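1. heads up, no residue letters with this:
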Ligand SMILES: Nc1ncnc2c1ncn2[C@@H]1O[C@H](COP(=O)(O)OP(=O)(O)O)[C@@H](O)[C@H]1O
Ligand SMILES: NC(=O)OP(=O)(O)O
């Protein structure tokens with residue numbers, strides 16, 4: 001019997017936001033992935049990168065301004081995305097490999113540095129909303145603006161940089177990812193939404209943007225014909241009236257219900273809505289699939305319908 005295929009999208013809780021956090025979080029996430037492998041699943045992993053890519057971009061650009069004339073050159077956002085995929089993939093590969101070996105299982109696991117095609121006319125290029133990097137003070141935010149970067153206030157937390165988040169249109173390395181999945185290997189790909197690229201003749205040019213990892217997870221799940229799209233985040237369930245006194249956590253939604261709630265504005269624009277949008281585009285593209293939104297701790301119960309929010 002063919003193995004079931006799951007795309008697991010790791011948010012900040014499952015990945016951490018800096019190196020020490022990442023080391024701890026990845027160890028726990030790797031055990032979860034090993035559980036799924038042991039239970040007979042094929043697993044494709046996608047991960048967040050907004051804190052990491054912001055840190056890399058700041059580091060690269062500050063390095064250059066502090067060492068002017070020494071031959072260092074600033075790294076554009078697309079290159080920073082590639083760097084984030086590299087070091088996050090490195091941690092995930094080793095974490096998953098070791099979690100499996102401790103159970104006496106050897107299975108190849110690799111990271112595919114993934115480029116994702118975006119539309120140069122995507123409206124997000126005129127309206128940056130994707131928050132990246134650390135929280136800053138007002139004075140630090142002013143300094144960022146003076147360098148030509150965009151910032152936004154995050155109530156109660158400070159200021160953050162924002163960049164464009166164009167929609168993912170196609171996964172350039174999809175044939176490689178499919179080949180590895182078909183060979184029953186574990187693949188980390190489309191990290192941080194993928195490196196955003198635009199086609200110019202035979203060339204792919206990096207775009208100054210960061211793609212929503214939830215949206216690319218939905219696209220990947222469609223492209224590899226997954227059975228389940230599981231988005232791991234920091235809330236156990238999706239709610240109606242989120243954060244209000246009359247909050248209602250949901251264990252199930254139909255596609256139609258999810259669409260209705262999205263229209264009512266029930267989901268945070270840059271947080272829960274992309275997860276719902278990813279789930280809907282995946283579910284609408286095929287039959288017998290399900291999308292699950294939950295925490296890492298509840299993932300195994302959720303896949304058995306006993307926790308989380310399942311959209312079917
Ligand atoms: N309707 C909703 N139900 C549950 N959580 C919601 C809802 N709307 C917005 N959210 C927010 O979505 C957040 C999870 O998304 P996000 O912050 O992007 O996390 P991640 O890094 O895991 O992708 C939750 O912490 C919560 O604040
Ligand atoms: N690229 C991306 O969506 O990252 P976050 O999940 O960290 O925002």
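-> Happy to help now that I have it. Note that the structure is a prediction, hence the values are computed from the model and not measured. Numbering: from 1, shown residues only. Ligands and ions are numbered 1, 2, ... in the order given.
2. near ligand 2, which residues of the protein show up?
-> Contacts of the chain with ligand 2, taken as Cβ under 6 Å from any ligand atom, map to 11, 12, 48, 49, 50, 192, 193, 210, 212, 213. The way it works is simple: take the backbone N, C-alpha and C, and place the C-beta from them, glycine included.
3. Contacts only, for the second one.
-> Read it as residue 12. 48, 51, 233, 234 (Cβ atoms under 8 Å, 6 or more residues apart in numbering).
4. Pick out whichever of the residues of the chain next to ligand 2 sits closest to residue 65.
-> Among these, residue 210 lies closest to residue 65 (Cβ to Cβ), at 21.8 Å.
5. what secondary structure does the residue lying farthest from the centre of the chain sit in?
-> Distance from the C-alpha centroid of the chain, by Cα atoms, centre = their mean, peaks at residue 69 (36.5 Å). Classification of residue 69 by DSSP: H, G, I helix; E, B strand; the rest coil places it in coil.
6. Please name every helix or strand in contact with the helix or strand hosting residue 132.
-> Using DSSP states H and E, residue 132 falls within strand 130-136. Here strand 130-136 touches helix 50-66, strand 150-154, strand 158-163, going by 3 or more Cβ pairs under 8 Å, 6 or more residues apart in numbering; DSSP states H and E.
7. So what angle separates the directions of the first one and strand 130-136?
-> Relative orientation of helix 50-66 with respect to strand 130-136: 70 degrees, computed using axes from the mean of the first three to the mean of the last three Cα atoms, to 10 degrees.
8. just to revisit the earlier point, name the member of the residues of the chain next to ligand 2 that has the highest neighbour count.
-> When the residues of the chain next to ligand 2 are compared by neighbour count (other Cβ atoms under 10 Å), residue 193 ends up highest, at 33 neighbours.
9. Now it: closest residue in space, sequence neighbours ignored.
-> residue 211 (2.8 Å; Cβ to Cβ, 6 or more residues apart in numbering).
10. got it, and residue 151?
-> residue 141 (4.3 Å).
11. got the contact list for residue 36?
-> Per Cβ under 8 Å, 6+ apart, neighbours of residue 36: 6, 8, 43, 300, 303.
12. now, which of those residues lie within strands?
-> Using DSSP state E, the subset of the contacts of residue 36 located in strands is 6, 8, 43.
13. And the residue nearest the centre of the protein?
-> residue 213 (2.9 Å).
14. can you tell me how far the closest residue to it other than its chain neighbours sits from residue 42?
-> Counting by Cβ to Cβ, 6+ apart, residue 193 is the residue found nearest to residue 213 once chain neighbours are left out, at 4.6 Å. Plainly put, residue 193 is 22 Å away from residue 42 if you go by Cβ to Cβ, to the nearest Å.
15. I'd like the distance between residue 242 and residue 235.
-> From residue 242 to residue 235 the distance is 8 Å (Cβ to Cβ).
16. Between those two, which is the more surrounded one?
-> Applying other Cβ under 10 Å to residue 242 and residue 235 shows that residue 235 carries more neighbours, namely 19 against 16.
17. The more buried one falls within a strand, correct?
-> No - under the criterion used here (three-state DSSP), residue 235 is coil, not part of a strand.
18. doesn't residue 295 make contact with it?
-> Yes - counting by Cβ atoms under 8 Å, residue 235 touches residue 295, with 7.0 Å between them.
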